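Student: I would like to see how this sequence folds:
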Amino acid sequence: MRSSRAAAAVVAALACLPGGAAAASDATPSRLLVTAREYSLSLSRPKLRPGPSIVQLYNFGEDPHDLRIRKRGSDRVFEIGDVEPGETGSIGLKLRSSSRYRLWCAIPTHADLGMVATLRTKKKRPPRHRRSVEQRLQLGR
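Tutor: Numbering: from 1, shown residues only. Take a look at the predicted model:
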């Protein structure tokens, strides 16, 4: 009983801090799983929020595959090296707001055979206003 009161007090104190609990969730990276097989790339979602991200490549195929990622209009290329069948590789990167990224397998002929995809980022939204615990209690919520 005493530990649950202490935990509630900590949660209430965090909610009253500037940014509250939202500040902690802003630092949590978005995740994208890219599944590679002969000869396609499948994204777990078509859009991610901008900011820190983790992209994972799972090779569901029979041949080794890799992954290259480039923002439209940029020369910088991010890379997950060769991933053997049944294995997973990953990379951390920071995605820009309102952007499109081209993903492809750079093993010769794989992109030409269809191992390409496009990822988009959502527009960055302003932080939501969070009510303090006291404000919610006054409103009866």
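
Student: make sure Gly92 is actually in contact with Pro52.
Tutor: Yes - counting by C-beta atoms under 8 Å, Gly92 touches Pro52, with 6.9 Å between them. (Glycine included, C-beta is placed from N, CA and C.)

Student: joint contacts of those two?
Tutor: By C-beta atoms under 8 Å, 6 or more residues apart in numbering, Gly92 and Pro52 have these common neighbours: Pro29.

Student: same drill for the two, tell me which one is more crowded.
Tutor: A direct count of neighbours by other C-beta atoms under 10 Å for Gly92 and Pro52 places Pro52 higher, at 14 against 10.

Student: for the residue nearest to Glu38 when sequence neighbours are not counted, which residues are in contact?
Tutor: Nearest residue to Glu38, sequence neighbours excluded (C-beta to C-beta, 6 or more residues apart in numbering): Gly61, at 4.8 Å. Going by C-beta under 8 Å, 6+ apart, Gly61 touches Ala36, Arg37, Glu38, Pro85.

Student: show the buried residues in the residues you listed.
Tutor: Buried subset of those (neighbour count, 16 or more other C-beta atoms under 10 Å): Ala36, Arg37.

Student: now flag whichever of the contacts of Gly61 is closest to Thr118.
Tutor: Nearest to Thr118 among those: Ala36, at 15.3 Å, using C-beta to C-beta.

Student: ok, back up a step: okay, the contacts of Gly61 in JSON lines with secondary structure, distance to Thr118 and pLDDT next?
Tutor: Below are the contacts of Gly61 laid out as JSON lines (DSSP: H, G, I helix; E, B strand; the rest coil; distance: C-beta to C-beta, whole Å; pLDDT from 0 to 100):
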{"residue": "Ala36", "secondary structure": "strand", "distance to Thr118": "15", "pLDDT": "97"}
{"residue": "Arg37", "secondary structure": "strand", "distance to Thr118": "18", "pLDDT": "96"}
{"residue": "Glu38", "secondary structure": "coil", "distance to Thr118": "20", "pLDDT": "95"}
{"residue": "Pro85", "secondary structure": "coil", "distance to Thr118": "25", "pLDDT": "97"}
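
Student: Thr121: which of the contacts of Gly61 is nearest?
Tutor: Ala36 (21.5 Å).

Student: which pLDDT value belongs to the closest residue to the closest one other than its chain neighbours?
Tutor: Distances taken as C-beta to C-beta, 6+ apart place His65 nearest to Ala36, at 4.0 Å, with adjacent residues excluded. pLDDT recorded at His65 is 97.
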